[in-house]
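Asker: I would like to see how this sequence folds:
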Amino acid sequence: MGVRKLLLIVSSLIILLVLLTHSSEHSVDNSAMREFLESQYVPEVGLLRASITSYPDNETIWLANDNVLAERALRLLGSPLWRNVSEALRRYNISYNGRIDPLLGKPLNEFFCPEVITIGNVYSKKFNTTLLLKLERANESCRMDDWQEYADLLAYGALSDLLVGNETGAFTMYLRLLKMWDGYGFRDKAFSGVYQTYKCALFIYLYKSLGMPKEGRHVYGACIQIISELQADNGGIITGYRVVDGNVAPVGDANTETASIVAISLLGDR
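Answerer: Numbering: from 1, shown residues only. I've put the predicted structure just below:
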């Protein structure tokens with residue numbers, strides 16, 4: 001074995017050891033995250049409400065994105081409730097929504113503006129309130145021409161390319177996504193002072209899907225740490241954060257969508 005090859009192997013082992021050590025120091029409690037998602041379950045409709053305290057999401061059930069993602073997250077977390085959610089989504093004939101699809105193994109053709117429709121409502125004895133049932137879906141009459149300026153859409157676009165075998169296109173988008181990282185989070189067109197946790201989770205999923213390239217390894221480690229620091233006492237994941245004096249400061253509520261994307265990113269594969 002040549003000296004160069006030996007050095008490469010040793011270097012790879014050191015990097016792996018650092019990542020494993022880092023992961024052990026900053027890890028998400030999957031059992032607590034499962035308990036959080038299960039606590040959001042509304043028995044009357046077989047779906048999860050969106051959040052705990054943030055209005056109006058604490059009185060809303062989003063079929064998509066939330067419950068389409070929660071179905072897979074609950075399954076990955078070993079919760080039997082995923083079957084209930086799956087059956088409920090089947091009744092509403094909802095499997096995808098034209099945006100989050102690559103996380104579920106379905107490629108996208110284009111990106112469209114989102115539109116929201118209200119489907120109905122249900123009274124919950126558990127939460128002692130009437131919850132609105134809503135759906136976010138793609139409005140195919142409104143094409144997005146600036147989608148590459150958004151970190152989440154770049155991640156979805158790259159994952160979509162991977163699903164159809166376009167690894168070169170996926171990596172190009174991944175590098176564009178990396179340029180949005182400012183050392184603390186992803187500063188994209190939607191950024192207004194608060195970083196969005198789920199964008200870190202999407203980066204983790206894409207990074208692993210690309211085979212964990214050397215480009216962006218530091219971002220992967222930072223995102224793992226950030227997400228672990230944003231796990232609330234109830235097991236959920238806080239939706240946003242600021243960085244104050246080098247420390248992560250949570251902003252917002254724990255919600256179903258963010259916890260579901262984190263679970264899929266950490267436990268799933270494409």
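
Asker: Please point out which parts of stretch 164-178 sit buried.
Answerer: Using 16 or more other CB atoms under 10 Å as the burial criterion, the residues of stretch 164-178 that qualify are A170, F171, M173, Y174, L177, L178. In this view, the C-beta of every residue, glycine as well, is placed from N, C-alpha and C.

Asker: can you tell me which of the residues you listed lies nearest to S39?
Answerer: L177 (32.6 Å; CB to CB).

Asker: and the longest strand for this protein?
Answerer: strand 129-143 (DSSP state E).

Asker: Name the strands paired with that strand and say parallel or antiparallel.
Answerer: Strand 129-143 pairs in its sheet with strand 60-62 (parallel), strand 112-124 (antiparallel), by DSSP bridges.

Asker: The closest residue to G169 other than its chain neighbours sits in which helix or strand?
Answerer: In space, and not counting its chain neighbours, G169 is closest to D161: 4.2 Å by CB to CB, 6 or more residues apart in numbering. Assignment of secondary structure by DSSP states H and E places D161 within helix 151-163.

Asker: Any chance of TSV for the strands paired with strand 129-143, columns mean neighbour count?
Answerer: Formatted as TSV, the strands paired with strand 129-143 follow (neighbours: other CB atoms under 10 Å):
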stretch	mean neighbour count
strand 60-62	24
strand 112-124	14
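
Asker: Rebuild those as JSON lines, extending it with distance to K106.
Answerer: What follows is these, written out as JSON lines (distance: least, CB to CB, whole Å):
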{"stretch": "strand 60-62", "distance to K106": "19"}
{"stretch": "strand 112-124", "distance to K106": "15"}
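
Asker: between these, which gets nearest to S54?
Answerer: strand 60-62 (9.7 Å).

Asker: For the closest one, which outside residues touch it?
Answerer: 42, 45, 47-51, 67, 122, 131-136, 256-257 (CB atoms under 8 Å, 6 or more residues apart in numbering).

Asker: what packs against the helix holding D161?
Answerer: helix 167-178, helix 197-209 (3 or more CB pairs under 8 Å, 6 or more residues apart in numbering; DSSP states H and E).

Asker: try 10 Å
Answerer: Helix 151-163 sits against helix 167-178, strand 195-196, helix 197-209, with contacts defined as 3 or more CB pairs under 10 Å, 6 or more residues apart in numbering; DSSP states H and E.

Asker: Tell me what angle the first one forms with helix 151-163.
Answerer: It stands for helix 167-178. 170 degrees (axes from the mean of the first three to the mean of the last three CA atoms, to 10 degrees).

Asker: likewise the longest one?
Answerer: Inter-element angle recorded for helix 197-209 and helix 151-163: 20 degrees (by the same axes, to 10 degrees).

Asker: Identify each of the helices in the stretch 1-150 of the chain and give its residue range.
Answerer: Secondary structure of the stretch 1-150 of the chain by DSSP state H, counting those that start in this stretch: the helices cover 3-25, 30-39, 68-76, 81-91.

Asker: Touching, V122 and L63? I think so.
Answerer: No. V122 is beyond contact range of L63, at 11.9 Å (criterion: CB atoms under 10 Å).

Asker: so what's in contact with these two at the same time?
Answerer: V45, L47, L133 (CB atoms under 10 Å, 6 or more residues apart in numbering).

Asker: TSV please, covering those and showing neighbour count, distance to E59 and pLDDT.
Answerer: Formatted as TSV, the shared contacts of V122 and L63 follow (neighbours: other CB atoms under 10 Å; distance: CB to CB, whole Å; pLDDT from 0 to 100):
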residue	neighbour count	distance to E59	pLDDT
V45	23	13	98
L47	28	13	98
L133	20	11	98
